[in-house]
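> Fold the stuff below for me.
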Amino acid sequence: MTAAVNAADIINQNAPYQPTPNIAPAPLTFKGYANVLDGRTLYFPSSNATVRLAHIDACELPQWALNPKWTNRSVVKAPQPVPCGALAKAWLKRTIGKQQVSCRIAGYDQQAVTTAYCYAGKQDVALEMLRVGWARVVEPISAPQLYVSYQDAAMSKRYGMWETYVLDMNEWRQRAIDKSLERQPYADFNILADRKSEISPPFQDARQKPKRTDR
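Sure thing, here's the model as predicted:
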């Protein structure tokens, strides 16, 4: 018996170390009442889980867009601000209402946050955000074709943020210094004036507009 025990000890010493996991693997689904953190992110208090809607992006909460209907420019120094981040969050809250949300995990984003397809009842909430124009598709090639179709329709009808001058969300995250909720609209006006990328149709309209409009 002693020899058998010693032999087992030798085998265990040579075997690769395999620690016992302390955390159970993530469930395939989340279900329950969810708090809306922003236009693409949900928090499930019952499981202490943060989930982002797969394949879409939305304005960050402190982010501002600008109304392209800028008239009387000699008096008004900047276009009217549009709180696209707050409006995206408000629409997601409206979509969910008091319903329970069920989410099917799709993967993880670059910040290691869980991404998922989420439904309020039978409604795909990401698809609804795209339908009303308060979200965009992140990568059209890998996203469901229906997502791309809904985005294209919202853009053509100028719904939501597609009616505004809005900075690409990734560029906003990289360039915005103040990301507090007290951020003032003029800060985004300055970034938009020196933007590197464009995502909304009004930018194209401005480029195609003739220099003289009084003829």
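
> all contacts plus neighbour counts: C-alpha atoms, from now on.
Fine.

> how about the strands in this protein?
29-32, 35-38, 41-44, 49-53, 56-57, 65-66, 81-82, 101-108, 114-120, 123-124, 136-137 (DSSP state E).

> now those as JSON lines including mean neighbour count and distance to L192?
As requested, those are exported to JSON lines (neighbours: other C-alpha atoms under 10 Å; distance: least, C-alpha to C-alpha, whole Å):
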{"stretch": "strand 29-32", "mean neighbour count": "16", "distance to L192": "38"}
{"stretch": "strand 35-38", "mean neighbour count": "18", "distance to L192": "22"}
{"stretch": "strand 41-44", "mean neighbour count": "20", "distance to L192": "25"}
{"stretch": "strand 49-53", "mean neighbour count": "22", "distance to L192": "26"}
{"stretch": "strand 56-57", "mean neighbour count": "22", "distance to L192": "18"}
{"stretch": "strand 65-66", "mean neighbour count": "24", "distance to L192": "9"}
{"stretch": "strand 81-82", "mean neighbour count": "18", "distance to L192": "12"}
{"stretch": "strand 101-108", "mean neighbour count": "18", "distance to L192": "30"}
{"stretch": "strand 114-120", "mean neighbour count": "22", "distance to L192": "29"}
{"stretch": "strand 123-124", "mean neighbour count": "16", "distance to L192": "32"}
{"stretch": "strand 136-137", "mean neighbour count": "26", "distance to L192": "18"}
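
> closest to R173 out of those?
R173 sits nearest to strand 56-57 of all these, at 12.0 Å, using C-alpha to C-alpha.

> Which strands and helices lie in contact with that closest one?
Packing contacts for strand 56-57, counted by 3 or more C-alpha pairs under 8 Å, 6 or more residues apart in numbering; DSSP states H and E, involve strand 136-137.

> one more time with 10 Å, if that's ok
Contacts defined by 3 or more C-alpha pairs under 10 Å, 6 or more residues apart in numbering; DSSP states H and E place strand 56-57 against helix 125-131, strand 136-137.

> Please list the outside residues in contact with that strand.
39-41, 115, 126-127, 129-130, 134-140, 143, 147, 168-170 (C-alpha atoms under 10 Å, 6 or more residues apart in numbering).
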